[in-house]
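In: how would this look folded up:
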Amino acid sequence: MYLLINQFFKICLFRSSPQDLPTSRFLATAALAVYSVLGLLIELSRTPLLKAVMMMTVELIVLAGMSWIILWARQLDHRYLQTLTALAGCGALLTLFAWPMLLLQETSGDEPNIFILIIMWLWFFWLILVYSHIISRALSTSLFIGTGLTLIYIFISESVARTLFFQ
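Out: This next block holds a predicted model:
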């Protein structure tokens, strides 16, 4: 377990790539489950249970679907489980880092705390870079293309969520 979490840390620090993870359905499922539970816990602070579950379900579908499409398009679908595991595992790890700041922001009242906002923006850029790193390594392409695909993923994910849940 420690070795696996350490591997996710290495990916988040750009010292490793998704190909360094084992190809395992169980591991992918476990990473997705942890990612889902953490996302669900964060969403529950803002939305009712059913809506939070639906939002996380849609998030997982978009994450899994986008991963499959971009890998399939480059005929690298054999890297799917490792890529999905890396995205979900690193996403879960980064969510753990963001959680305290989100809780602080919620308890600070209506007025935004500039320190927390700066930390959250830095976290968001780190998330983009980590996902870009994972995608670029999975596709064996440049970080620029990985970043573009990451931004497309974020745009699609946010657009779908806003369309379905925030009309």
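In: can you pull the buried residues of stretch 72-86?
Out: The neighbour-count check on stretch 72-86 (16 or more other CB atoms under 10 Å) flags 79-86 as buried. The C-beta positions use only the backbone N, C-alpha and C, and glycine is treated the same way.
In: Buried residues, the longest helix along the chain. List them.
Out: Scanning the chain for the helix with the most residues, using DSSP state H, yields helix 80-107. For helix 80-107, the neighbour count (16+ other CB under 10 Å) marks 80-95, 98, 101-102, 105 as buried.
In: Spit out the contact partners of Trp68.
Out: 77, 80 (CB atoms under 8 Å, 6 or more residues apart in numbering).
In: and if you look at Phe165?
Out: Phe165 touches 47, 51, 54-55, 58, counting by CB under 8 Å, 6+ apart.
In: Adding distance to Trp72 as columns, could you present the residues you listed in CSV?
Out: As requested, those are exported to CSV (distance: CB to CB, whole Å):
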residue, distance to Trp72
Thr47, 33
Lys51, 31
Met54, 26
Met55, 26
Val58, 21
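In: May I see the ChimeraX selection of the buried members of those?
Out: Of the contacts of Phe165, the buried ones can be selected in ChimeraX as follows, counting by 16+ other CB under 10 Å:
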select :47,54,55,58
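In: for the contacts of Phe165, which one is nearest Leu38?
Out: Ranked by distance to Leu38 (CB to CB), these are led by Met55 at 13.0 Å.
In: quick one: contacts for that closest one?
Out: Counted by CB under 8 Å, 6+ apart, Met55 has contacts 39, 43, 47, 161, 165.
In: Just the buried positions in the helix or strand hosting the second one, please.
Out: When secondary structure is defined using DSSP states H and E, the element that contains Glu43 is helix 25-44. Within helix 25-44, the residues scored as buried using 16+ other CB under 10 Å are 27-28, 30-32, 34-36, 38-40, 42-43.
In: Report the rounded mean pLDDT for the following helix or strand past it.
Out: Going down the chain from helix 25-44, the next helix or strand is helix 49-73, by DSSP H and E. Across helix 49-73, the average pLDDT comes to 94.
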